[in-house]
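Enquirer: Sequence and predicted structure are below.
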Amino acid sequence: MNTDTKNLKEFCKKKHLLYVEDNDETRFYTLEFLSRFFDQISIAKDGIEGIENFIQYPSDFILADINMPKMGGIEMAKYIRNLNNIIPIILLSAHNEEDIYETALNNGIKYYLTKPLDVFQFLTTMKDIMNESENRYAL
């Protein structure tokens, strides 16, 4: 394991992740991967559950699917942005569509990954978040 990945694991182990995904199989396999980094993971199956979970158990990061029943990831993120405008939100989509990415950016969501979750993309994104977090508190 290289030093960057080791530092990332140490950073994530201290953090709480909210993972929002409606597909049972995707959620199962992604959780298996995420548990290598996070000790504390809350799970929700749609955006409404995600908001309720976030209010009850404030998280350090949110990883959410875009298309879900009841409320999708972008709508959920808009609501959460009103409660916390700096929490890193990573949206996941099976589609790499420019307009979805633009909508996400316009709503303060900087991170967007395609499904199935690419390990390299995820690690790169988390390293960016870790560096931004360290820079924010270094000031």
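Expert: Now that the structure is in, tell me what you want to look at. Numbering: from 1, shown residues only.

Enquirer: tell me which residues of the longest helix along the chain are tucked away?
Expert: Counting residues, the longest helix in the chain under DSSP state H turns out to be helix 119-138. Residues of helix 119-138 classed as buried by neighbour count (16 or more other C-beta atoms under 10 Å): 122, 125, 126, 129, 130, 133. The C-beta positions use only the backbone N, C-alpha and C, and glycine is treated the same way.

Enquirer: Packing partners of that helix?
Expert: Helices and strands touching helix 119-138, by 3 or more C-beta pairs under 8 Å, 6 or more residues apart in numbering; DSSP states H and E, are helix 3-13, strand 111-114.

Enquirer: List of residues touching the helix or strand harbouring residue 62?
Expert: According to DSSP states H and E, residue 62 maps onto strand 61-65. Identification of contacts with strand 61-65 by C-beta atoms under 8 Å, 6 or more residues apart in numbering yields 15-23, 26, 34, 47, 50, 54, 72-73, 76-77, 80, 87-93, 115, 129.

Enquirer: Do me a favour and average the pLDDT over that strand.
Expert: Averaging the model's pLDDT scores along strand 61-65 yields 95.

Enquirer: what is the orientation angle of it with helix 119-138?
Expert: Relative orientation of strand 61-65 versus helix 119-138 (axes from the mean of the first three to the mean of the last three C-alpha atoms, to 10 degrees): 150 degrees.

Enquirer: Now the element after strand 61-65, going C-ward?
Expert: Taking DSSP H and E, what comes next after strand 61-65 is helix 73-83.
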